[in-house]
Each structure stands twice: as C-alpha cells, then as structure tokens.
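[1] sequence-free structure coming up:
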C-alpha cells in the first residue's frame, strides 16, 4: 500500500514505515501529525485517484527531527564587467516517519 500525499506544497510517495524529508514543519520532535491531502491511494491493484483529494484518506506520521540540508552555492558572473557574486543557502527540513495510511 502506498499513497501520493501533498505535504507543505510538495508531493511525495509515502508507504508505511517510510522516513521522509519534508519542508520545515512547525512541530516538536515526537509529535504525531496527520496529513489529509492524499492525491492517490494504491492498495495492490485497487487504485483510487482523488479529484482533487481522496475523501476520508489520511497519512499519520511522527516527527523525528529538524535538520538542514547541504549548503548550496549560487554564483553570478558577467564577463568583462568585473562582476562576480557568490551566495549560498541551506534548506531547512523536517524528517518524519510515516506510521500508517487510513482510508
């Protein structure tokens, strides 16, 4: 069984006991969350596609930790103009464990 779920605007495939990295959520580690924006639900050959979401379907998850991704370096450059710019940023994300999928 798996589901395609929208979490904070990002669509992800979730199966029970999966560990997912999602955009930063406002929840403490150990908190239980429920996501009801399930777009597709598949159980073997039985596939349910939502219009836009599957009714009464939800994903239950537990927050494991908050982390930061690797540093991403952005560089800009214009030739013959003595212009070089180097910036960087790190993305904040939350690591969750999917505990169950309900219909």
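    Thanks, I have the structure now. In this text, all values refer to a predicted model and were calculated from it rather than measured experimentally.

[2] contacts, neighbours, all on C-alpha from now
    Will do.

[3] Just give me the neighbour total for the nearest residue to residue 50 once chain neighbours are set aside.
    Nearest non-adjacent residue to residue 50, counting by Cα to Cα, 6 or more residues apart in numbering: residue 39, 5.2 Å away. A total of 22 residues lie near residue 39 under the criterion other Cα atoms under 10 Å.

[4] any idea which element residue 39 lies in?
    Secondary structure from DSSP states H and E places residue 39 in strand 38-43.

[5] just to revisit the earlier point, contacts only, for the residue nearest to residue 50.
    Residue 39 sits next to 3, 4, 5, 6, 49, 50, 51, 52, 53, 54 when contact means Cα atoms under 8 Å, 6 or more residues apart in numbering.

[6] closest to residue 87 among the residues you listed?
    When the contacts of residue 39 are compared for distance to residue 87 (Cα to Cα), residue 6 wins out at 30.1 Å.

[7] The closest one - how many residues pack around it?
    18.

[8] pLDDT at it, what is it?
    The model reports residue 6 with a pLDDT of 95.

[9] likewise residue 36?
    92.

[10] what do you get for residue 94?
    96.

[11] and it, what does it touch?
    Residue 94 makes contacts with 21, 22, 23, 24, 25, 63, 64, 65, 66, 67, as judged by Cα under 8 Å, 6+ apart.

[12] what residue lies at the spatial centre of the protein?
    Closest residue to the average C-alpha location of the chain: residue 22 at 3.0 Å, with Cα atoms, centre = their mean.

[13] continuing past the helix or strand containing that residue, what's the next helix or strand?
    Assigned by DSSP H and E, residue 22 falls within strand 19-23. Scanning forward in sequence from strand 19-23 by DSSP H and E, the next helix or strand is strand 32-35.
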